[in-house]
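Trainee: dropping a prediction and its sequence here:
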Amino acid sequence: KKKLQIAIDGPASAGKSTVAKLVATKLGYIYCDTGAMYRAVTYAAIQAKVALDDDQKLAELLTDLTIEFIPGQPEQKVIVNGQDATKQIRMPEVTNNVSVVAAQKSVRADLTKRQQEIAAAGGIVMDGRDIGTTVLPTAEVKIFLIASVEQRALRRYKENIAKGINTPLAQLEEEIAQRDYKDSHREISPLTKASDAVELDTTPLSIDEVVAAIMAIIEKKQ
Ligand code: C5P
């Protein structure tokens, strides 16, 4: 069977990473969470007290920044400059600032290159915002996952509660809507559906149903 590149894009909290991980496991493929890479840069910039919109300073920060993924259950570990930052990169301070960092030219150029290297050999499921449009424009399978803001906020709310983070639901809705707006309106590779991507609205679907729908699309390409 051919080792494919599978791109899964969509707005915040649409269920991309949950679904991408399950698809990767089924296929024995590598899973790459590109959002975690943008989060890692944001976290490192906050730590280093670099202004989050200072493209030049961020470029310098990136020259010796290392981001590693260590596979594991229930989640892979994200190691930033040798330190476990798995939890830190999901904190609200990072979540609410990541779109500013992700809009910077040098950050996008650097991380896009890293992502293309990770995906070069195929056998990869990569999730993000611009995978089908920019990072892997020739990916054999492109999925664009969407869901209502209400449902996405509710999912994030439940995840947060499990982690001991207590942000009101209405605030999460507002934050998600704002992040989508910024991600969709930035100048460089904004969040947008690739012309050859299959759009899936996950609002009425269970996780298993979404995975099954994606597997059916993949099987046709193998
Ligand atoms: O997927 P996740 O919500 O963790 O992504 C965090 C942020 O990283 C997004 O809101 C977006 O600003 C940025 N991002 C991006 N391009 C990607 C993946 C994530 O700009 N391919």
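Mentor: On my side now, so go ahead. It should be emphasised that the depicted structure is a prediction, and the values quoted were computed from it without experimental measurement. Residues are numbered from 1 along each chain as shown.
Trainee: not counting the longest helix anywhere in the chain itself, show me its contacts.
Mentor: As assigned by DSSP state H, the longest helix anywhere in the chain is helix 169-185. Under the contact criterion Cβ atoms under 8 Å, 6 or more residues apart in numbering, helix 169-185 has outside partners 11-13, 95-96, 98-100, 102-103, 129, 149-150, 152-154, 156-157, 160, 167, 190-192. Placement of C-beta: from N, CA and C, glycine included.
Trainee: one more pass at 7 Å, please.
Mentor: 11-13, 96, 99, 103, 129, 149-150, 152-154, 156-157, 190-192 (Cβ atoms under 7 Å, 6 or more residues apart in numbering).
Trainee: which ones among the residues you listed also lie next to the ligand?
Mentor: 12, 99, 129 (Cβ under 6 Å from any ligand atom).
Trainee: measure the residue lying closest to the last one once chain neighbours are set aside to residue 141 for me?
Mentor: Going back to what we said before, that points to residue 129. Leaving aside its sequence neighbours, residue 129 sits nearest to residue 191 (Cβ to Cβ, 6 or more residues apart in numbering; 4.2 Å). Distance of residue 191 to residue 141, computed by Cβ to Cβ, to the nearest Å: 18 Å.
Trainee: quick one on the thing from earlier: so which of the ones next to the ligand among the contacts of helix 169-185 wins on neighbours?
Mentor: residue 129 (26 neighbours; other Cβ atoms under 10 Å).
Trainee: coming back round to it: next structured bit after the longest helix of the chain?
Mentor: strand 198-201 (DSSP states H and E).
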